[in-house]
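Asks: I would like to see how this sequence folds:
(chains A and B)
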Amino acid sequence: EAQVTQNPRYLITVTGKKLTVTCSQNMNHEYMSWYRQDPGLGLRQIYYSMNVEVTDKGDVPEGYKVSRKEKRNFPLILESPSPNQTSLYFCASTRDRGDRTEAFFGQGTRLTVV
Amino acid sequence: GDSVTQMEGPVTLSEEAFLTINCTYTATGYPSLFWYVQYPGEGLQLLLKATKADDKGSNKGFEATYRKETTSFHLEKGSVQVSDSAVYFCALSGSGIIFGKGTRLHILP
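Replies: Residues are numbered from 1 along each chain as shown, chains lettered A, B, ... in the order given. Model (predicted):
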């Protein structure tokens, strides 16, 4: 079954404690991205990756890092989380950046930073 | 740059009412257009899509037509059900995926 898997689904952490949200896809997609969803703001892209070792900033990259060492995995790293990063996060993948077919999304990670 | 504008929510309707959620876009080139749906506590899933002008996407009773002349992709359903309560996102895909802000839909029994 084609899927994007994110972990954890829920996370509560304290300010400044490094965390990683994992994302894995089993479709051999080249393009992967991270979004955050906030009320009234919709989905905003944080980072994207067009292939292994190729990553770039999206619209709201401040405070986040990513890596793409393998095609299937695209972890999101918060080196020093702050309360304004409390949000719902989604990982997505498509065959390539210009793909005209659908994007597949993970189930989401609800992060609370206190 | 490319952008998507969709009607603000929340939208509250009674069961069996007619639904329209407006969506317009700005893009260079010829993007594909999508509607995604997010049910409570879940991720986004594709509802329907259209890849060129005058295409009509349809699924689960929902429809949307790609109108290049008005740069629109309005979502419609003739008779909504309580189970349609969700957040709906209009999106375009040209070079990356760009989403509208989402429209929350409440259907009352």
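Asks: Just list whatever residues bridge to whichever residue of chain A sits closest to chain B.
Replies: Closest approach between chain A and chain B, counting by Cβ to the nearest Cβ: residue A:42, at 3.5 Å. To be clear about C-beta, it is placed using only N, CA and C from the backbone, and glycine gets the same treatment. Judged by DSSP bridges, the bridge partners of residue A:42 are residue A:38.
Asks: Got phi/psi on residue B:98?
Replies: The phi/psi pair for residue B:98 (degrees, to the nearest 10) reads phi -120, psi 130.
Asks: thought it was touching residue A:103?
Replies: No: the pair residue B:98 / residue A:103 is not scored as a contact, 11.1 Å apart, by Cβ atoms under 8 Å.
Asks: show me where pLDDT drops low in chain B?
Replies: Applying pLDDT under 70 to chain B picks out residues B:94-95.
Asks: Pull up the residues of it that are close to chain A.
Replies: B:32, B:34, B:36, B:42-46, B:49, B:51, B:89, B:93-97, B:99-102 (Cβ under 8 Å from any Cβ of the partner chain).
Asks: Is it possible to mark the buried ones in those?
Replies: B:32, B:34, B:36, B:43-44, B:46, B:49, B:89, B:93-94, B:96-97, B:99-102 (16 or more other Cβ atoms under 10 Å in any protein chain shown).
Asks: Taking these together, which two end up most distant?
Replies: Farthest apart among these by Cβ to Cβ are B:43 and B:94. That separation is 22.5 Å.
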